[in-house]
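Participant: model this:
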Amino acid sequence: MTEGNLFIVSAPSGAGKSSLVHHALKTIDNLCYSISYTTRQPRGLEQNGKDYYFVSQDVFKFMRENGEFLECAEVHGNYYGTHQATTDKIIKSGKDVILDIDVQGAAQIKEKMPKAISIFILPPSPEILESRLRARAENTEADIERRLKNARDEIKHCKDYQFVIVNDEFGNACRALEAIIRAERQVLSRQLDKTELIIKSFGG
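Facilitator: Numbering: from 1, shown residues only. The predicted structure follows:
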């Protein structure tokens, strides 16, 4: 069985990466989301086990020290991590995994899994990013300022990614993300086992 691909999607807070990832999961077959662990509190309608696994700092630190995370990082004062065994199991089943993670986590994964496909979601301007953060009405003024400051640092890393999508119009950005995922599935090196079987069936 051919293993699945690992897609990494990163962006500054407010750029729309979570919405884009959720749309891709609805429209693309055999694409799975590896649910992250976090120490932050749920926001809005978020549910434990669906959007994140919400755990205490003590539980998170125990898991980290036990080597359970493929990557983990502190973001905006909270810890986030991707579970190694869960991600590996999905990929080995032949399905693709998409991760919604920050630039720190992406760098850790690219060191461990250089074949991972990295995609950065870029907001069209600082003003639009700020307006999106304020439209959430979920963050304090200090939190918004911290996220905007972090965004300036995170955006500098977009050149480290294979693909960059400017999220100026949601529909266009959705189609761009979908096109990248579908195209990467057809790369010969990723389809080699399947391709060789078909060639042999033709007597090649």
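
Participant: Ramachandran angles for Ser118?
Facilitator: Main-chain torsions, Ser118, degrees, to the nearest 10: phi -110, psi 140.

Participant: can I assume it is in contact with Gly105?
Facilitator: No. Ser118 lies out of contact with Gly105 (C-beta atoms under 8 Å); the separation is 11.1 Å. Where you see a C-beta, it was placed from the backbone N, CA and C, and this is true even at glycine.

Participant: what's the overlap in contacts for these two?
Facilitator: Ser10 (C-beta atoms under 8 Å, 6 or more residues apart in numbering).

Participant: List the contacts of the closest residue to Lys17 other than its chain neighbours.
Facilitator: Leaving aside its sequence neighbours, Lys17 sits nearest to Ala11 (C-beta to C-beta, 6 or more residues apart in numbering; 3.9 Å). By C-beta under 8 Å, 6+ apart, the residues touching Ala11 are Lys17, Phe120, Ile121, Leu122, Pro123, Glu154, Asn167.

Participant: ok, which pair from these is furthest apart?
Facilitator: Spanning the widest gap among the contacts of Ala11 are Glu154 and Asn167, at 14.1 Å by C-beta to C-beta.

Participant: neighbour count winner among the two?
Facilitator: When Glu154 and Asn167 are compared for neighbours, Asn167 comes out ahead with 24 against 21, by other C-beta atoms under 10 Å.

Participant: distance of the more buried one from Glu74?
Facilitator: 25 Å (C-beta to C-beta, to the nearest Å).

Participant: Run a quick neighbour tally on Lys156.
Facilitator: 10.

Participant: Likewise for Glu169?
Facilitator: 10.
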